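# Provide a 3D model corresponding to the input given below.
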Amino acid sequence: MTAAGAEAGFTAVQAGKSNGEANHVAILDNLYGGSFAADATLGGSYTNGRVTARRSQDFPLSVGGGAALFSIAAPGAAAGDQQWVGGIVSARAVSRYAGYEQTFGLTDNAGTFHKLFDVSGTGMNVGGSAAGIDLAGQTWQWARRGGGDPYSSDPTLNNDGSDHMISYRVSGPAADGTATWLLFWEDAPAWDSDFDYNDLVVQVTGVMPLGDPAAIPLPPAVWTGLTVLLGGGLWSARHRIRRWLN
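Residues are numbered from 1 along each chain as shown. This is a model prediction of the structure:
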C-alpha cells in the first residue's frame with residue numbers, strides 16, 4: 001500500500017483471509033488481556049479500557065525539508081514510523097502467522113542490516129528477543145529478514161515501494177513507564193500480499209539514557225558504534241563499523 005491508497009496518514013490494513021490467523025484485536029487481547037475494541041476518539045486505534053494501542057502515522061510530515069524522525073522514547077506528533085532515533089531499546093517477538101522464516105533487526109544509515117533475533121514458533125507461541133540495545137544518538141529503520149524479500153519500516157527502501165510495517169504506541173499499565181510499541185509486519189510483495197499485517201508482530205520498548213536531553217539532535221549519517229546485549233552475550237559492532245569506514 002502507498003500513501004495514495006491510505007487516509008489521514010495511515011496505511012490501510014485489510015481484513016485478511018479466513019484461515020484461523022489472529023487479527024490485530026486478537027493479538028492485543030492475548031498480549032494485554034481484556035477485550036480490545038476500536039477507540040472512536042483515535043483513528044485506527046484500539047483500547048480495552050485500561051490499555052490503548054494508538055496507530056502511528058505511516059506518512060510523516062515534512063520537517064525542515066526532510067522527514068521527521070520518530071524518537072523511540074519520546075515521539076513527536078509530526079513523525080511517521082519510517083525513521084527512528086535515540087534511546088535504549090529492547091524487543092521481543094509477540095506472534096507469527098507466516099510461512100516464511102522471520103528475522104528481526106534494523107538497518108543503519110549506511111544501509112547495513114544488524115540482526116537482533118530469529119523468531120521461533122508460530123501463532124502466539126513464539127520466541128526471540130534482544131535487550132539493552134544502546135541506540136542513543138543513532139538513527140535507524142526497523143527491518144524484517146528471513147524468507148522472501150527483505151523489508152524495511154521505510155517504504156522507499158522496499159523493492160515494491162510499499163509500506164510493509166505499521167505500528168502502534170501502547171499506553172497504560174502495560175507500558176510499565178516505558179515507551180512501548182508494537183510493530184506489525186507484512187512479509188509478501190505487493191502483488192501477492194493480503195496486507196493484513198500479522199505475519200510478524202514485535203513489541204519494542206525504549207527509554208532515554210540518564211542525562212540525555214528530551215530533544216534528540218540529528219545524528220551523523222554513519223554509526224560510530226552499536227552494542228547489543230543479546231541472549232546473555234555482548235555483541236559489539238564498533239570494530240566492524242570501523243572497518244566499514246576504513
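# now the residue lying closest to Val89 once chain neighbours are set aside: how far from Ala22?
Nearest residue to Val89, sequence neighbours excluded (CB to CB, 6 or more residues apart in numbering): Ile133, at 4.3 Å. In short, each C-beta sits where N, CA and C put it, glycine included. Ile133 sits 27 Å away from Ala22, going by CB to CB, to the nearest Å.
# of those two, which one has the most company?
The neighbour comparison of Ile133 against Ala22 (other CB atoms under 10 Å) goes to Ile133, with 24 against 18.
# so which helix or strand takes in the more buried one?
Counting by DSSP states H and E, the element that carries Ile133 is strand 129-134.
# burial of Thr122, as a residue count?
13.
# contact partners for the residue nearest to it when sequence neighbours are not counted?
Closest residue to Thr122 apart from its sequence neighbours, by CB to CB, 6+ apart: Arg96 at 5.5 Å. By CB atoms under 8 Å, 6 or more residues apart in numbering, the contact set of Arg96 is 102, 119, 121-123, 126, 199-201.
# just the buried members of the residues you listed?
The neighbour count (16 or more other CB atoms under 10 Å) marks 102, 119, 126, 199-201 as buried among the contacts of Arg96.
# between these, which sits nearest Trp185?
Set against Trp185, the nearest of the buried ones among the contacts of Arg96 by CB to CB is Leu200 (4.1 Å).
# quick one: the nearest residue to that closest one once chain neighbours are set aside and Phe195, what's the gap?
In space, and not counting its chain neighbours, Leu200 is closest to Trp185: 4.1 Å by CB to CB, 6+ apart. Distance of Trp185 to Phe195, given as CB to CB: 11 Å.
# which one's more surrounded, those two?
When Trp185 and Phe195 are compared for neighbours, Trp185 comes out ahead with 23 against 19, by other CB under 10 Å.
# the more buried one and Ser193 touch, don't they?
No. At 11.0 Å, Trp185 does not count as touching Ser193 under the criterion of CB atoms under 8 Å.
# tell me which stretches of this structure form helices.
24-32, 238-245 (DSSP state H).
# can you dump the C-alpha atoms of the first one in PDB for me?
Taking Å, rounded to 0.1, in the frame of the first residue of the first chain, the C-alpha atoms of helix 24-32 are listed here in PDB:
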ATOM      1  CA  HIS A  24      -4.800  -7.200  15.400                       C
ATOM      2  CA  VAL A  25      -7.500  -7.100  18.000                       C
ATOM      3  CA  ALA A  26      -7.000 -10.800  18.900                       C
ATOM      4  CA  ILE A  27      -3.200 -10.300  19.200                       C
ATOM      5  CA  LEU A  28      -3.800  -7.300  21.500                       C
ATOM      6  CA  ASP A  29      -6.300  -9.300  23.600                       C
ATOM      7  CA  ASN A  30      -3.800 -12.100  24.000                       C
ATOM      8  CA  LEU A  31      -0.900  -9.800  24.800                       C
ATOM      9  CA  TYR A  32      -2.600  -7.300  27.300                       C
END
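# determine which two of the contacts of Arg96 are furthest apart.
Every pair of these checked by CB to CB; the farthest is Gly121 and Asp199, at 13.7 Å.
# show the pLDDT at Arg242.
At Arg242, the model reports a pLDDT of 27.
# report the buried residues of the strand holding Ile133.
So, applying 16+ other CB under 10 Å, buried residues of strand 129-134: 129-131, 133.
# stretch 98-115: end-to-end distance?
Using CA to CA, to the nearest Å, the end-to-end distance of stretch 98-115 comes out at 19 Å.
# what residue ranges in this structure score low on pLDDT?
By pLDDT under 70, the weakly predicted segments of the chain are 1-8, 16-18, 60-79, 174-177, 208-246.
# let's go with 50 and repeat that
1-7, 61-68, 74-78, 211-246 (pLDDT under 50).
# and stretch 140-149, which residues are buried?
Buried, per 16+ other CB under 10 Å, within stretch 140-149: 140-146, 148.
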